[in-house]
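**Q** next one to model:
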Amino acid sequence: MSSLPSTSVMDAGYLQEKPRTRGFLHIVRHGLGPGTMYVVTYHRLDHKSSRPDPILAEGAEPLIELLEELGVDFRLGEVRGALEDILRLGSANIPDLWFSEEETVRQGLADS
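**A** Modelled structure (predicted):
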């Protein structure tokens, strides 16, 4: 016979989750060809006054690796569209990313 977990077990799992903030990545391309640099910043929607810390990706491959580390889902249409916009227009936003305070510090997107 199966049973549902007790409410204390479910509550414990809920309480362990860290609060996450909503934001978006802004990516700007500088240069063309093999020397292309990308500046990536995470803009938190709940902190309008704080300046985001930029991360530099020196080339397209390091940019893709950085985005993978951040957990960006390349299967989403808006992510693929943003990558196309970066190549075509020079900059783009990847919307609806959620990070905890610790994740932004660990990834270098914010000061500790």
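
**Q** CA only for contacts and neighbour counts going forward, please
**A** Noted.

**Q** now the helix ranked longest in the chain: buried residues?
**A** Scanning the chain for the longest helix, with DSSP state H as the assignment, gives helix 77-89. Neighbour counts over helix 77-89 (16 or more other Cα atoms under 10 Å) mark 79, 82-83, 86 as buried.

**Q** cool, and stretch 59-68?
**A** For stretch 59-68, by 16+ other Cα under 10 Å, it's 59-60, 63, 66-67.

**Q** poorly predicted segments of the protein, please.
**A** Residue ranges of the chain with pLDDT under 70: 1-20, 47-50, 101, 104-105, 110-112.

**Q** quick one: the helices in it?
**A** Using DSSP H, helices in the chain cover 7-16, 60-70, 77-89, 101-106.

**Q** contact partners for Met37?
**A** Going by Cα atoms under 8 Å, 6 or more residues apart in numbering, Met37 touches 29-31, 56-60.

**Q** I meant to write Gly59 there.
**A** The contact partners of Gly59, by Cα under 8 Å, 6+ apart, come to 34-38.
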